[in-house]
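Enquirer: sequence plus the predicted model coming up.
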Amino acid sequence: MSRVLIIGGGAASMAAAIAAAGCGHEVHVFEKNEKLGKKLFITGKGRCNVTNACDMEELMGHVVSNSRFLYSSFSGFTNRDMMELLEQNGCPLKVERGGRVFPVSDKSYDVIAALAKGMGDLGVTTHLLCEAQGLIIREGICRGARFLRRRGKETKAVEFEEQGDAVVVATGGMSYEATGSTGDGYRFARACGHKVTDLVPALVPFQVEGSQVKELMGLSLKNVEAAIWDNGRELYREFGELLFTHFGVSGPVILSASSFVARTLKERPLTLSIDLKPALDKEQLDDRILRDFKGFSNKQFKNVLGRLYPAKLIPVMVERSGIPPEKKVNEITKTERQRLVDVTKGLTWTLTGLRDFKEAIITQGGVSVKEIKPKTMESRLVEGLYFAGEVLDLDGVTGGFNLQIAWSTGWAAGSHIPFT
């Protein structure tokens, strides 16, 4: 039996704890918050999209950074394994659109409760309000960690050390700082010689240039196709839902885009192009516009677009088309109509940046996976030290893929700790 210390009380931590305790180790989980799973509690708008029910190939295809590194851990603890673990511990699941898996209750609390039950049944000891301060490294071997125990606002924090045969760092990233994700794991990694790649917010909304976007605040566009370009080179294209905000754009298709273009956007502005009618080519769209115009030939242009666009979008489309708003429909030229087609198939905006970590779902970047053993998650630099979850340079798009990364890497770490 080995004495295993796990720093953090989130998804990867709890998976690692269950795996390690299931192997017969003595497991201690140290969480800085007053309860486990604080970030899990708010994921999926409180519903907790625990994983995705797709096959292995598709699962790998939805990982943005370092997907090949995950082959062993995804194979060793699959999405099906995770679903079975939760259901065995009293959390029935359901599969929704796009393979997204949620608890039947639609309550993230039930996911956390199931994991806590699994830990409790295996004898895992949880230490709450214990904040890690650093690792204890001697002669290239991790021997434990230093902590602060907080009893209450009025009580002075108590410093203490815990010795261990293995330490798993699963402290999360930088997103949702209020849940305890304050980058501690990156600090620990750097202190023992690990490289931490550039950290950027991911699965996060974009900021858009100009004030026109504010006119569209609150407008949701479904079934559109969004593409992001860098000086004529396409970086991303996806079909789905998009939302305008007071600062720019958000929504599922935009959040996923941020993971693919974040680092480029740090260097220079990019162009977002929205195809409002992706089911129609330009010729078909022109025919559709002509049919609409024929029924209202004596009306003003600005008053005949209700069938094509949402009301809030019409003033923007009129302005972008360059057609005078009061012009009679029967006076609109073929060239003007073609401009309307072009802007409908490519409504463009200049992306100037990402929102910060406070609004990001995950962190892109982290402990370099080149310095981590892919099968076990053990450090190649420090014996007995393991990393799991968001602290690693691993991330995926929305749909349950990031949590599966946490479950699988946590399980890999916990299940490969040797006996002493």
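Expert: Everything's here; your move. Numbering: from 1, shown residues only.
Enquirer: the helices in the stretch 201-350 of the chain, which residues?
Expert: 252-267, 282-294, 314-321, 334-345 (DSSP state H, counting those that start in this stretch).
Enquirer: and the ones you listed, which is most packed in?
Expert: Comparing these by mean neighbour count (mean count of other Cβ atoms under 10 Å), helix 252-267 ranks first with a mean of 21. Glycine gets a C-beta too; all of them are placed from N, C-alpha and C.
Enquirer: contacts for it, please.
Expert: 64-65, 198, 200-206, 224, 226, 228, 230, 235-236, 238-243, 270, 351, 353-354, 361, 364, 395-398 (Cβ atoms under 8 Å, 6 or more residues apart in numbering).
Enquirer: want to throw the helices of the stretch 201-350 of the chain into CSV with mean pLDDT and distance to residue 89?
Expert: CSV is the format used below for those (pLDDT from 0 to 100; distance: least, Cβ to Cβ, whole Å):
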stretch, mean pLDDT, distance to residue 89
helix 252-267, 93, 30
helix 282-294, 93, 52
helix 314-321, 96, 50
helix 334-345, 97, 50
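Enquirer: any idea which of those helices gets closest to residue 11?
Expert: helix 252-267 (18.1 Å; Cβ to Cβ).
Enquirer: if we can go back for a sec, make JSON lines out of the helices of the stretch 201-350 of the chain and add distance to residue 145.
Expert: Output for the helices of the stretch 201-350 of the chain, formatted as JSON lines (distance: least, Cβ to Cβ, whole Å):
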{"stretch": "helix 252-267", "distance to residue 145": "31"}
{"stretch": "helix 282-294", "distance to residue 145": "61"}
{"stretch": "helix 314-321", "distance to residue 145": "55"}
{"stretch": "helix 334-345", "distance to residue 145": "56"}
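Enquirer: pLDDT weak spots in the stretch 51-200 of the chain?
Expert: Applying pLDDT under 70 to the stretch 51-200 of the chain picks out residues 152-155.
Enquirer: let's see that with 80 instead.
Expert: Low-confidence segments of the stretch 51-200 of the chain, defined by pLDDT under 80: 151-156, 176-180.
Enquirer: where along it do the strands fall?
Expert: Remark: strands assigned in the stretch 51-200 of the chain by DSSP state E, counting those that start in this stretch are 51-52, 63-65, 93-95, 100-103, 125-128, 130-138, 141-149, 158-163, 166-169, 200-202.
Enquirer: quick one, what contacts residue 270?
Expert: Contacts of residue 270 by Cβ under 8 Å, 6+ apart are 228, 229, 230, 235, 261, 264, 350, 351.
Enquirer: mind checking which of those residues are in strands?
Expert: When DSSP state E is applied, the contacts of residue 270 are split such that 228, 229, 230, 235, 350, 351 fall in strands.
Enquirer: PyMOL command to pick out the buried ones of these?
Expert: Typed into PyMOL, the next command selects the buried ones out of the ones in strands among the contacts of residue 270 (criterion: 16 or more other Cβ atoms under 10 Å):
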select buried, resi 228+229+230+351
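Enquirer: return the residue of the chain that is most distant from the centre.
Expert: residue 298 (50.2 Å; Cα atoms, centre = their mean).
Enquirer: report pLDDT for it.
Expert: The model reports residue 298 with a pLDDT of 85.
Enquirer: surely it is in contact with residue 328?
Expert: Yes: using Cβ atoms under 8 Å, residue 298 is in contact with residue 328, at 6.1 Å.
Enquirer: list the contacts for residue 275?
Expert: 224, 225, 226, 227, 344, 345, 346, 347.
Enquirer: tell me what the second one is bridged to.
Expert: Put plainly, it is residue 225. According to DSSP bridges, the partner residues bridging residue 225 are residue 239, residue 275.
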